[in-house]
Structures are given as C-alpha cells and as structure tokens.
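Student: Got a sequence here, can you build the structure:
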Amino acid sequence: MEKQMRILVVDDEAAIRESLSEILIEEGYDVCCAESAGSARQQVSGPVDLVLLDIKLGSDNGIELLREIKEQRPFLPVIMISGHGTVALTAEAFKLGAHEFMEKPLRLIQVRACVRNALEAVKLKNRVLEQERARYPRPLYKSGIMKQLFGQAGRLASLKEPVVITGPSGSGKELVAHALHYEGTRREGPFCATNAASMPVTLAEDELFGHEKGAFTGADRQRIGCLEKAHGGTLFLDEIADLDLQIQAKLLRVLETGTLMRLGGTQPVQVDVRIIAATHKNLGRMAEEGTFRHDLWYRLCAFVLQVPSLADRKDDIPLLASAFLAKSCAEMGCVKKFTEGALARLKSMPFPGNVRELRHVVTRAAVFSDDNEITEQAIIAVASTSTVVGSSSTAIRYHEFDYRTARERFEMDYFKAVLEKAKGNITAAAAAIGMAQSNMSRKLKELGLR
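Tutor: Numbering: from 1, shown residues only. Just a heads-up that it's a prediction; the model follows:
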C-alpha cells in the first residue's frame, strides 16, 4: 500500500487554511496546518512531505521561515503563496530553494497541479535514494570491535562536523562513510566520493571546486565540482593525506565559511556539505612533519574513527566469506558452499590486503573449484596464487578470457609456480598444496608439464 503523503499548510488566514485543507483532503492527502512560523517550525521537523507557505504570516516573515526550513531539510519541497508578490520576492524565494510560487486568489486547478508535480518529484527522488542505498549493503560483522565502531558511527551520523576515518588499505573505510551518511539526517542528500590520490595536482582544484566558463583554455562551459555536487549531503574524500597543500588551504576555507570559489569565479558559492575524510596514513604525524596542514588537521580531528584490520576481527571472516561466495555464485549461476575446514583455513590466514584480499581469494575459489563444496585444499591452492595472478606488469588478466580458457591458463601458471618453488620435486609440491601425489601427477600430465 502506497504511503499517504502529508502536506503542511502554513497561512495566517483561517479561510485560506480551511479552503486548502478541503481541496487537499479531497485529493487523498493527509493535511496539517500552522498559523504562525513558531507552529510551523515544530511540525516541519516531523513526517512532512510538502509545505504550502504564505509569504506573509502576520508579524512573521515567510521568506525567513523558508530559509530556516531549507537549512533544516534542504530537500523538502516548499510552494510559496502570496497575494502581494513582487519580482524581487519571487526571485529570492526561488534562490532559497522554493519549488513553486502561487499567486492569490488561488485557483483550484493550479493548486492541484502544483501539489501533484511537487509530490511526484518527491516520489522520484525517494526511488533514486532507495536505489542508491541498495548499492551499498549494510556492513557484515559480529565481532565486538566492529560493533563498537558502528556504534560510534551511529552517534556521529546526524552531526554536521567532519569525520576522519583511518585504517589500513582494504579494511572498509568507505563502508563506514556510507553508514555515517545513510544513517544520519543527510541521507536525503547526495553522497559523493572522490579519491585525492587519483587526482593530479593540476586538476584537483577543478575536481573539488569546479570552474566557470572561460576560466582557462578549453573551459567552454561551467563545471560544478564535487563539493557543490554534494550540497545538502556528504562528500567522501578518500586518501586525503595525498591532497596538495594549496588545495588543503582552500578546503579549510570551505569548512570554516561554508563557501567556495570556482576557478575563474568572482562570487562565492554557498555550500552545505559534510566532509568525511579517509586515510591509511597518520595525519597527526604528517602535520608535525609539515606534510599536512596543522590547521586543517585540527579542524578535521574532532572525530576520528579507526577501522581495524581483518586480522583484528577474525570472527567476521566466515560471515564475510560466505557473503562474497554467495555473490560470486549468483553471478555464475551456481550454488557452492565452504566446508568447515575451508572456513577454518580462511580464519587462520593473515590477509595483509584485509577485506579486499579476502574477497579476491573467495572469488578465485568460486571460479576455479570443480565441486559444489569449496575445501581447505581449494583455499590453499587459490590463496597461494596471490603472487601469480595480476601481481606483475606481465600478469594475465584472467577476466578477459572465457571461463574455460581462464581456468586452463590459471592451472598452467599455478602448477608451474608450485613446481618451481619445490624445485621440480613432485612429492614435495603435492605435499605443499595438500594434494595427493597421484592426482598431481595426473594433472601435470594433462597440462603437459614434467
């Protein structure tokens, strides 16, 4: 059953409130009313999907109330109503984010059309948000250290203050950033992500702040930067330690003033954005060494979340591995499961690449295991190929081949490496990978290896 949309009517004239209420209730909406700015402030923090707001509220100012509503709920649509609107007032209302402007006396057709259009926009945005949330599944964990981490993240989710997420590469820092965004009051806004390590210094300013048309050769149109795209939401700035010092100074200004200047621009742009930064480096030490700005570090360091390595949360490995296996099997159209021995082997492995490395090992096991059960021997086999698959500039890109060809090439590379490590001794090689010598001899014969 579709949710009934709730509309707040804010007008100091009782006749207008009653008339609009009757129209909207007949259209099937849930309606609540407010006769003053104070009453409206209390109700707008609740479950309201649309506001109809009179520009004159007795001694109150509808434009100022619009400003407050947009600061509190940037994506809540507001339709302004006025019996004495001017071009200047209309322009200011639209600048503050008003969805539409209706002139008194109100016409029935106009009210129905404006309300319908505004709520359709709300429904469309909600569908987009649900699709975005579906792309980022909830984190999987049962270890105490992760429960503590996400408990802390839950307390910080609805704040506007920046957060720094630290931890080793591949440990899941972006997943924590998603939780901070989607569990907080900014979940209705955009979640934008960019990586400072992948941005050349010459392009970093343009990437973050954007530019005006004609700002430099080739700038044939205006470009909106990541900070502006994230207005009303969150910007996840990964590997912030690699950000150029000059860009750090400009980022600090955004944090302190809430404004930015596009390249080639002459007027500051107001932005409401929360910065979540991530790094695997020690920013405090970098600030002491002069390779990261002290003032930016002090502005960022109020809240720091430390993501543990996978070695510190081994109880989560079976849960994560099973989820990765289910995803791989769904993509391949098959059903496979781990044996207890395989899960025990996974828990005993060091995984210096953390969750990212675990995912790769599980994916290889799913692809190259013949049976529906993935055994401990299968895990040993695919784990020991981590220095073979894609580790050098000449490594084979297995995903570019069909399944049969990729598997043949993989087996050839794998058994060559195993034999080389055992210096050609088949007995020692078979023992090293937990394979019966007779089975290994047969496999070597099939591959034409001696």
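
Student: Now for the spatially most central residue of the chain, which secondary structure element holds it?
Tutor: Closest residue to the average C-alpha location of the chain: residue 178 at 4.4 Å, with Cα atoms, centre = their mean. According to DSSP states H and E, residue 178 maps onto helix 173-182.

Student: Just the CA atoms of that helix, as CSV, please.
Tutor: What follows is helix 173-182, C-alpha atoms only, in CSV (Å, rounded to 0.1, in the frame of the first residue of the first chain):
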residue,chain,number,x,y,z
LYS,A,173,36.7,2.7,5.3
GLU,A,174,34.2,3.7,2.6
LEU,A,175,31.6,1.4,4.1
VAL,A,176,31.8,3.3,7.3
ALA,A,177,31.4,6.6,5.4
HIS,A,178,28.2,5.2,3.8
ALA,A,179,26.9,4.3,7.3
LEU,A,180,27.6,7.9,8.5
HIS,A,181,25.7,9.3,5.6
TYR,A,182,22.7,6.9,5.2
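
Student: For it, give the mean pLDDT please.
Tutor: For helix 173-182, mean pLDDT rounds to 94.

Student: now for it, which elements pack on it?
Tutor: helix 144-156, strand 163-166, strand 191-195, strand 234-238, strand 274-279 (3 or more Cβ pairs under 8 Å, 6 or more residues apart in numbering; DSSP states H and E). Any C-beta I mention is one placed from the backbone N, CA and C, and that applies to glycine too.

Student: in the stretch 301-450 of the chain, which ranges drop under the pLDDT threshold?
Tutor: Scanning the stretch 301-450 of the chain with the threshold set as pLDDT under 70 gives 384-406, 450.

Student: Using the record, which stretches count as separate domains in the chain?
Tutor: The chain breaks down by automatic domain parsing into domains covering 6-133, 141-308, 313-447.

Student: I'd like the helices and strands packed on helix 173-182 written out as TSV, with distance to residue 371 added.
Tutor: Shown next, in TSV, are the helices and strands packed on helix 173-182 (distance: least, Cβ to Cβ, whole Å):
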stretch	distance to residue 371
helix 144-156	32
strand 163-166	40
strand 191-195	39
strand 234-238	39
strand 274-279	39
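
Student: closest one to residue 321 among the ones you listed?
Tutor: Nearest to residue 321, of all these, is helix 144-156, at 15.3 Å by Cβ to Cβ.

Student: Compute the inter-axis angle for that closest one and helix 173-182.
Tutor: Helix 144-156 and helix 173-182 are oriented at 40 degrees to each other (axes from the mean of the first three to the mean of the last three Cα atoms, to 10 degrees).

Student: pLDDT averaged over helix 144-156 - what is it?
Tutor: Helix 144-156 carries an average pLDDT of 95.

Student: name the helices or strands packed onto that helix?
Tutor: On a contact count with 3+ Cβ pairs under 8 Å, 6+ apart, helix 144-156 meets helix 173-182, strand 304-306.

Student: tell me the most buried of the ones you listed?
Tutor: Among the helices and strands packed on helix 144-156, ranked by average contacts under mean count of other Cβ atoms under 10 Å, first place goes to helix 173-182 (a mean of 22).

Student: Pull the residues that contact it.
Tutor: Helix 173-182 is contacted by residues 133, 136, 138-139, 149-150, 153-154, 156-157, 163, 165-167, 187, 191, 193, 233-234, 236, 238, 274, 276, 278, 305, 307 when judged by Cβ atoms under 8 Å, 6 or more residues apart in numbering.

Student: quick one: the helices in the stretch 51-200 of the chain?
Tutor: For the stretch 51-200 of the chain, applying DSSP state H, counting those that start in this stretch gives helices covering 62-72, 87-95, 108-135, 144-156, 173-182.

Student: how about residue 61, what does it touch?
Tutor: So residue 61 contacts residue 37 (Cβ under 8 Å, 6+ apart).

Student: which other helices and strands contact the strand or helix carrying residue 328?
Tutor: Applying DSSP H and E as the criterion places residue 328 in helix 317-332. The elements that helix 317-332 packs onto, with contact taken as 3+ Cβ pairs under 8 Å, 6+ apart, are strand 337-338, helix 340-348, helix 354-368.

Student: To residue 316, which of these lies closest?
Tutor: Closest approach to residue 316 among those (Cβ to Cβ): helix 354-368, 8.6 Å.

Student: what does the closest one contact?
Tutor: Residues outside helix 354-368 that contact it (Cβ under 8 Å, 6+ apart): 168-172, 309-310, 317, 320-321, 324-325, 328-329, 332, 336, 342, 346, 349, 351, 353, 374, 378-379, 381-383, 385-386, 389, 403, 406-407, 410-411.

Student: For it, list every residue counted as buried.
Tutor: Within helix 354-368, the residues scored as buried using 16 or more other Cβ atoms under 10 Å are 354-355, 357-368.

Student: what do you get for stretch 410-427?
Tutor: 410, 411, 413, 414, 415, 418, 419, 422, 426.

Student: One more: stretch 138-153?
Tutor: Applying 16+ other Cβ under 10 Å to stretch 138-153 flags 139, 140, 141, 143, 146, 149, 150, 152, 153 as buried.

Student: Next: stretch 278-291.
Tutor: Neighbour-count burial for stretch 278-291 flags 278, 279, 280, 283, 284, 286, 287 (criterion: 16+ other Cβ under 10 Å).

Student: Distance check, residue 88 against residue 127.
Tutor: For residue 88, the distance to residue 127 equals 36 Å [Cβ to Cβ, to the nearest Å].

Student: Then residue 44?
Tutor: 23 Å.

Student: between the two, which one's more packed in?
Tutor: Each of residue 44 and residue 127 has its neighbours counted (other Cβ atoms under 10 Å); residue 44 has more, 21 against 10.

Student: What count of nearby residues applies to the closest residue to that one other than its chain neighbours?
Tutor: In this structure, residue 44 finds its nearest non-sequential neighbour in residue 69, 5.6 Å apart by Cβ to Cβ, 6 or more residues apart in numbering. A total of 25 residues lie near residue 69 under the criterion other Cβ under 10 Å.

Student: Could you list which residues are in contact with residue 69?
Tutor: 40, 44, 51, 53, 76, 78.

Student: Scan those residues and report the most crowded one.
Tutor: Highest neighbour count within the contacts of residue 69, by other Cβ under 10 Å: residue 40, with 27 neighbours.

Student: Name the nearest residue to that residue, sequence neighbours excluded.
Tutor: Leaving aside its sequence neighbours, residue 40 sits nearest to residue 34 (Cβ to Cβ, 6+ apart; 4.0 Å).

Student: go on, residue 299?
Tutor: Once flanking residues are discounted, residue 299 sits nearest to residue 255: 5.4 Å by Cβ to Cβ, 6+ apart.

Student: any idea how far that neighbour lies from residue 296?
Tutor: 8 Å.

Student: One more: residue 104?
Tutor: 50 Å.
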